[in-house]
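A.B. asks: A structural model of the following input is requested.
(2 chains)
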2 protein chains.
Amino acid sequence: MSVLIVGSIALDDIKTQLAEHKNLLGGSASYGAVSASNFSPVNLVGIVGDDFPAEHIGLFKSRRIDLAGLQSVPGKTFRWSGEYMWDMNTRETRSVALNVFEHFTPKLPPGYESTPLVLLANIAPDLQHHVLDQVRQPRFTIADTMDLWINIARESLDRLVARVDMLILNDSEARQFTGETSLVKAGKKIRAMGPRYVAVKKGEHGCLLFGPEAEFFSCPAFPLEDIHDPTGAGDTFAGGLAGYLAANSKGDISFDILKKAVVHGSVLASFNVEAFSLERLKTVDSAQIDERYRLFQSISHFEKI
Amino acid sequence: MSVLIVGSIALDDIKTQLAEHKNLLGGSASYGAVSASNFSPVNLVGIVGDDFPAEHIGLFKSRRIDLAGLQSVPGKTFRWSGEYMWDMNTRETRSVALNVFEHFTPKLPPGYESTPLVLLANIAPDLQHHVLDQVRQPRFTIADTMDLWINIARESLDRLVARVDMLILNDSEARQFTGETSLVKAGKKIRAMGPRYVAVKKGEHGCLLFGPEAEFFSCPAFPLEDIHDPTGAGDTFAGGLAGYLAANSKGDISFDILKKAVVHGSVLASFNVEAFSLERLKTVDSAQIDERYRLFQSISHFEKI
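C.D. replies: Residues are numbered from 1 along each chain as shown, chains lettered A, B, ... in the order given. Model (predicted):
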């Protein structure tokens, strides 16, 4: 089963306290698509300028990522520049240049409208709506979002949340979105707004998954010794989760499958932060993914009473 | 098997954004002893003044807590007053009055020196040393500590860490103690200072356990909907862990038993924060503990690949 992914494709300049790199492949759809492609074919919807390096196109093509939905237009690719503080959790955006992204209207090429699984990676809620308007009865829809849209596009985001099967956001965004300090209360409150499932990401502390009938999963923390670049960790998580679901769910999506999808998303994210941009993500293979999945399990499971 | 617990016994005034209560039973040894007594008999070593309410003595006596090591002297009991902010994580100490605690020298009554399991609950490292000097070949020693001692008694704390089998501290303290931002690096660095095991508490995000030969456990987060008073959560965790070990380890203490002890400590702590002081802790029973242990497991375990 394929997964449709729409989101941003960017060229990033990233500075940490230890290194600085420029013109890196970035954007929520890039991370999401490469992550998902470990499990399933991807239909990618996005936009790049004529400065977008051919090697990145080559990366997508090498990985079961269909590019019929990738618009390549005159002008410059979306650019983002940011700097991480010592703790690798706090970051400051240095500059944003929307460039060709400013007038992006996601348009699905023929055939994409029937992709069974849809991941609306982190972009403006209006664009996410626009994609939902074009798909035909997808089996499962997932939306990722961020604080920016809670601040400047709340009304559109509220309507989006009511339209999707699953919402993904991080802990501070869940608190901001609901006004609740308790993440349990926040998760339940978001579910009451429409989505059957809510995933609250907690960075190195793992992830909480809320489902119907009080179903609940606390995905273990996987503390890493060396984090080189946290950029795209959330996008990689969402892509891995969506790709795993597309590849492994038949008929109804059970809570057990969703839990495994959340762990697989976490596994991919844990690889992604080990190097800048998609450098680690693009070399990880299925044996390494399986090995780390088992490691996630072995570090967090314990015996019965 | 019994557990020897030394620490503070206090009367607390606690204010949250929702409620305020005065003259509550508190102190690291009070929480630790009542928590541990769910699993094993406790030999309590501490000091109170002549203002210490008889009802608290009655609580200890009702729970397999031996009081031969409890000094009752003229003067006032140790008092602490604090206030929690909205997030229930940040707290400000309003006042501390050491009172009879100022000249406390823990002295073990006959028989206590051979208690096989020793929990040095959170008090000054010099007092923790003084207890270790009196015990005879305990099977397992655990020390809990806090940021205050890292700041004002570093040398004594360093020597203590080298003398115990297990150190317990929270995430910010582990970072402060080692200068490492990565908790994995911090845990390993503390182990290199002496203790076979290090437990790094992360509040609502769970706990990391480091052992020899790279053994590692990420205890799941147990997010609570309503936290009424976080006071004593760490002491309750340490007491539950120690009591469980005392009751359930024969011969060598395996990593599997330690993991179960960490989960049982977390279970007790999750009950403790549901009410002020020890109000919830003193009513919890073994059926409720077992039920929540199973809940911890069910919310965090996931299927094999």
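A.B. asks: ok, A:Phe222 touching A:Cys207?
C.D. replies: No: using Cβ atoms under 8 Å, A:Phe222 is not in contact with A:Cys207; the gap is 10.1 Å. Every C-beta, even on glycine, is put in place using the N, C-alpha and C of the backbone.
A.B. asks: Overlap in contacts, the two.
C.D. replies: Residues touching both A:Phe222 and A:Cys207 (Cβ atoms under 8 Å, 6 or more residues apart in numbering or on different chains) are A:Ser266.
A.B. asks: who's more crowded, those two?
C.D. replies: Neighbours per residue, other Cβ atoms under 10 Å in any protein chain shown: of A:Phe222 and A:Cys207, the larger number sits with A:Cys207, 25 against 20.
A.B. asks: In contact with the closest residue to the more buried one other than its chain neighbours, which residues?
C.D. replies: Closest residue to A:Cys207 apart from its sequence neighbours, by Cβ to Cβ, 6 or more residues apart in numbering or on different chains: A:Cys219 at 4.1 Å. The contact partners of A:Cys219, taken as Cβ under 8 Å, 6+ apart, are A:Gly206, A:Cys207, A:Leu208, A:Leu209, A:Lys259, A:Val262, A:Val263, A:Ser266, B:Ser300, B:Phe302.
A.B. asks: Among these, the buried ones, what's the PyMOL command?
C.D. replies: The PyMOL selection below is limited to those of these classed as buried (16 or more other Cβ atoms under 10 Å in any protein chain shown):
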select buried, (chain A and resi 206+207+208+209+259+262+263+266) or (chain B and resi 300+302)
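A.B. asks: Which of the contacts of A:Cys219 sits closest to B:Ala36?
C.D. replies: Nearest to B:Ala36 among those is B:Ser300, at 24.1 Å by Cβ to Cβ.
A.B. asks: Need the nearest residue in space to the closest one, chain neighbours excluded.
C.D. replies: Going by Cβ to Cβ, 6+ apart, B:Ser300 has B:Pro220 as its nearest residue, at 3.4 Å.
A.B. asks: residues near the nearest residue to A:Glu204 once chain neighbours are set aside, how many?
C.D. replies: With Cβ to Cβ, 6+ apart as the criterion, A:Glu204 has its nearest non-adjacent residue at 5.5 Å, and that residue is A:Pro223. By the criterion of other Cβ under 10 Å, A:Pro223 has 23 neighbours.
A.B. asks: Also A:Ala68?
C.D. replies: Count around A:Ala68 with other Cβ under 10 Å applied: 12.
A.B. asks: Just say helix, strand or coil for the closest residue to it other than its chain neighbours.
C.D. replies: Nearest residue to A:Ala68 in three dimensions, chain neighbours excluded: A:Pro109, at 4.2 Å (Cβ to Cβ, 6+ apart). Three-state assignment for A:Pro109 (DSSP: H, G, I helix; E, B strand; the rest coil): coil.
A.B. asks: and A:Pro109, how many neighbours?
C.D. replies: Counted with other Cβ under 10 Å, A:Pro109 comes out at 14.
A.B. asks: my guess is it meets A:Leu67, correct?
C.D. replies: No: counting by Cβ under 8 Å, A:Leu67 is not a contact partner of A:Pro109; they are 9.6 Å apart.
A.B. asks: Tell me how confident the model is about stretch A:5-23, as a mean pLDDT.
C.D. replies: The predicted model assigns stretch A:5-23 a mean pLDDT of 96.
A.B. asks: how long is it end to end?
C.D. replies: Across stretch A:5-23, the straight-line distance between its terminal residues is 23 Å, by Cα to Cα, to the nearest Å.
A.B. asks: That stretch and chain B, any residue contact?
C.D. replies: No: under the criterion of Cβ under 8 Å from any Cβ of the partner chain, chain B is not reached by stretch A:5-23; the shortest gap measures 10.0 Å.
A.B. asks: what's the closest non-adjacent residue to the residue positioned nearest the centre of chain A?
C.D. replies: In chain A, the residue lying closest to the centroid (Cα atoms, centre = their mean) is A:Asp235, at 2.6 Å. Among residues not flanking A:Asp235 along the chain, A:Tyr31 sits closest, at 3.6 Å (Cβ to Cβ, 6+ apart).
A.B. asks: then the helix or strand that contains that neighbour to PDB, C-alphas only?
C.D. replies: For A:Tyr31, the element it lies in under DSSP states H and E is helix A:28-36. Presented in PDB, the C-alpha positions along helix A:28-36 are these (Å, rounded to 0.1, in the frame of the first residue of the first chain):
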ATOM      1  CA  SER A  28       8.900  18.100   6.400                       C
ATOM      2  CA  ALA A  29       8.100  16.200   3.200                       C
ATOM      3  CA  SER A  30      11.700  15.300   2.500                       C
ATOM      4  CA  TYR A  31      12.300  13.700   5.900                       C
ATOM      5  CA  GLY A  32       8.800  12.200   5.900                       C
ATOM      6  CA  ALA A  33       9.100  10.600   2.400                       C
ATOM      7  CA  VAL A  34      12.600   9.200   2.900                       C
ATOM      8  CA  SER A  35      11.600   7.800   6.300                       C
ATOM      9  CA  ALA A  36       8.300   6.300   5.000                       C
END
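A.B. asks: helix or strand right after it?
C.D. replies: strand A:42-48.
A.B. asks: Which residue is it, in the stretch 201-305 of chain A, that comes closest to chain B?
C.D. replies: Closest residue of the stretch 201-305 of chain A to chain B, Cβ to the nearest Cβ: A:His205 (4.0 Å).
A.B. asks: measure that residue to A:Asp235 for me?
C.D. replies: Here A:His205 is placed at a distance of 18 Å from A:Asp235 (Cβ to Cβ, to the nearest Å).
A.B. asks: Touching, A:Leu98 and A:Trp80? I think so.
C.D. replies: No: A:Leu98 is beyond contact range of A:Trp80, at 9.7 Å (criterion: Cβ under 8 Å).
A.B. asks: Comparing these two, which residue is more hemmed in?
C.D. replies: A:Trp80 (20 against 14).
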